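*Asks:* coords please:
(chains A and B)
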Amino acid sequence: MRDVEDGWAQLISDVDGSWLASAAAVRRAADQRALRRLAVMTGAVVVALVATGVAAFGRPGPPPPGPTNTPSPSATAAPSPVPTPPPSVTSAQPSITTIPDRAFLVVPRDMRRDEIGVQSPPRDEQVPALCDDPLAADDAMTVRRSRQTYYQAQDAPAGSTPEGSVTETISAYRAGGAAVVMRRLRTELATCGKAAEGDITYTITTDRKPRYGDDAVHIVEAMSIPPDRANNSPSNHRIVVVRVGDVVTVLTLRPWEQWQVDRDDAELFARLAVEAIDDWR
Amino acid sequence: MRDAPSFDEFYRTTSVRTLRYAVAVVGDRTEAQDAVQEAYARAWRRWETVAAHPAPEAWVRLVIGRLARDRWRRLGRLGALLRHSGPPPNAPPPSENTVVLIEALRALPANQRKVLALHYLCDQSVEAIATETGVSPNTVKSWLSRGRQRLAAQLTETATKLEVRDA
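*Replies:* Prediction:
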């Protein structure tokens, strides 16, 4: 084939004649699968409840008495365990208690700095404090895990310094807890214009909201560094907080040295983070 | 309550275009069909959210991109369910040009393949592609340019290989 344009047109023509199931068939198949999953989950809960019941009530007792002349006890004399009602099909999903590696974003191949490796940041660096630490662990949180990766600019020449680091902290919450965190974050942002860490001051603003996940906030922390330590170029951090169901992921991008974090990088990582969480869930 | 008529209308007006994109990104027509149906099934499962999304079609394409990366590990069951809805009519085999183009696309990096598919098969502007892929318009232009160059080179190489193989 010599003409690429003809190739695209031919591909369109070929593909447009392909078979696809009807919309109704797609809906039906999706609903059937959802029902099957629900049945499996309900079955697992029932098995767990039965196992618990056996543990509580199933200890072997004395052998049953043989027939005697004594009158048999009345039906109310021997209390039986109260039957456990079957779980409602509308009950909430079980809480998440572990976060696997595959839940974390994978930096695109051409941006990786594999020689630096993936690190686990200390607890106090997992999420940004802002003014009043709105992303701190709370009672509704069931598990939190954090990873830090260094990345380079796309197509950076060999030997370049990294562009910066991205710390991703994934937190899972009981039903509704993640939405509460997002509300708390927005309330904080409405009143928190500046924050300080040592002698560095951060001016906090928000950038355009990513379209990924169920809810998201993009925060920019512009750094004001004392003149004796500054290199006269503006520097910032970017923080993207995304809720996906009952999971909240916080991406904190910090520049290498005192540079600015590229907005495209923050948005790209946010998209990849949501993709990874969607795949995991 | 999910609104089936609005989903059906969405599916009717977008699924063929989505399939073109999937064929280019996935590199196999049958797998692309499975991926498209899986993506729309997921859209139906969350239809209230997806319908309110500013770009539901882009949402579906995003899922397809993920599935392409996932190597279809979860496609088997849905494919089986859909096949119960009736066997597909006999589709004509793809033309030789299409086979060569798909083969050449498979050799491109994923980001270049994706932007080429969005541009040539889904009629998306550079700005729209930038919004959808989360990179700047300049990056999209660069990927398009490099993708076109590599595709042209790859097409020659692929066509030669196929000619040798068929000789």
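
*Asks:* Pull out the buried positions in stretch A:149-159.
*Replies:* A:149-152, A:154 (16 or more other Cβ atoms under 10 Å in any protein chain shown). Every C-beta, even on glycine, is put in place using the N, C-alpha and C of the backbone.

*Asks:* Where does confidence bottom out across these?
*Replies:* Lowest pLDDT of the buried residues of stretch A:149-159: residue A:154, 77.

*Asks:* Wasn't it part of a helix?
*Replies:* No. Looking at residue A:154 with DSSP: H, G, I helix; E, B strand; the rest coil, it is coil, so not inside a helix.

*Asks:* filter the buried residues of stretch A:149-159 down to the ones close to chain B.
*Replies:* residue A:154 (Cβ under 8 Å from any Cβ of the partner chain).

*Asks:* Spell out, range by range, the strands that occur in the stretch 151-281 of chain A.
*Replies:* A:164-173, A:194-197, A:200-206, A:215-224, A:235-244, A:247-255 (DSSP state E, counting those that start in this stretch).

*Asks:* Ok, which of the ones you listed comes nearest residue A:27?
*Replies:* Between residue A:27 and the strands of the stretch 151-281 of chain A, the tightest spacing by Cβ to Cβ is seen for strand A:235-244, at 23.2 Å.

*Asks:* ok, the closest one: who's next to it in the sheet?
*Replies:* strand A:215-224 (antiparallel), strand A:247-255 (antiparallel) (DSSP bridges).

*Asks:* Spit out the contact partners of the residue most central in space within chain A.
*Replies:* Of all residues in chain A, the one closest to the mean position by Cα atoms, centre = their mean is residue A:247, 4.0 Å from it. Taking Cβ atoms under 8 Å, 6 or more residues apart in numbering or on different chains as the contact definition, residue A:247 lies against A:96, A:170-173, A:178, A:277, A:281.

*Asks:* Could you rerun that using 10 Å?
*Replies:* Residue A:247 makes contacts with A:96, A:99, A:103, A:143, A:170-173, A:177-178, A:213-214, A:274, A:277-278, A:280-281, as judged by Cβ atoms under 10 Å, 6 or more residues apart in numbering or on different chains.

*Asks:* In contact with residue B:61, which residues?
*Replies:* Here residue B:61 is in contact with B:14, B:17-18, B:21-22, B:25, B:36, B:39, B:55, B:114, B:117-118, B:122, B:124, B:132-133 (criterion: Cβ under 10 Å, 6+ apart).

*Asks:* no, scratch that, I was asking about residue A:27
*Replies:* Contacts of residue A:27 (Cβ under 10 Å, 6+ apart): A:21, B:2, B:4, B:7-8, B:11, B:40-41, B:43-45, B:47.

*Asks:* quick one: residue B:30 and residue A:118, what's the gap?
*Replies:* 36 Å (Cβ to Cβ, to the nearest Å).

*Asks:* ok, back up a step: can you tell me which of the contacts of residue B:61 are buried?
*Replies:* B:14, B:17-18, B:21-22, B:25, B:36, B:39, B:114, B:117-118, B:122, B:124, B:132-133.

*Asks:* Determine which two of these are furthest apart.
*Replies:* B:36 and B:133 (19.0 Å).

*Asks:* Tell me where the model's unsure across the chain.
*Replies:* Just so you know, I chose chain A. Applying pLDDT under 70 to chain A picks out residues A:1-2, A:37-94, A:229-232, A:258.

*Asks:* nope, chain B
*Replies:* Looking at chain B by pLDDT under 70, you get B:70-93, B:159, B:161-167.

*Asks:* all helices for it, in order.
*Replies:* B:4-26, B:29-45, B:47-52, B:56-70, B:76-83, B:96-106, B:110-120, B:126-133, B:137-166 (DSSP state H).

*Asks:* what's near enough to touch the residue nearest the centre of chain B?
*Replies:* Geometric centre of chain B, nearest residue: residue B:22, 1.6 Å, by Cα atoms, centre = their mean. Listed by Cβ under 10 Å, 6+ apart, the contact set of residue B:22 reads A:15, B:15, B:28-29, B:31-39, B:60-61, B:64-65, B:67-68, B:117, B:121.

*Asks:* what about burial for those, which qualify?
*Replies:* If we count by 16+ other Cβ under 10 Å, the contacts of residue B:22 have these buried: A:15, B:15, B:29, B:31-39, B:60-61, B:64-65, B:67-68, B:117, B:121.

*Asks:* What sits closest to residue 16 if chain neighbours are left out?
*Replies:* If you meant another chain, say so; for now it's chain A. Spatial nearest neighbour of residue A:16, excluding adjacent residues (Cβ to Cβ, 6 or more residues apart in numbering or on different chains): residue B:16 at 5.5 Å.

*Asks:* now residue A:189, nearest residue through space, not along the chain?
*Replies:* residue A:206 (6.2 Å).

*Asks:* swap in residue A:134?
*Replies:* Once flanking residues are discounted, residue A:134 sits nearest to residue A:188: 4.1 Å by Cβ to Cβ, 6+ apart.

*Asks:* need the contact list for residue A:101.
*Replies:* By Cβ under 10 Å, 6+ apart, the neighbours of residue A:101 are A:118, A:145, A:147, A:276, A:280.

*Asks:* Count the neighbours of the nearest residue to residue A:273 once chain neighbours are set aside for me.
*Replies:* Among residues not flanking residue A:273 along the chain, residue A:105 sits closest, at 4.1 Å (Cβ to Cβ, 6+ apart). The tally of other residues near residue A:105 (other Cβ atoms under 10 Å in any protein chain shown) stands at 22.
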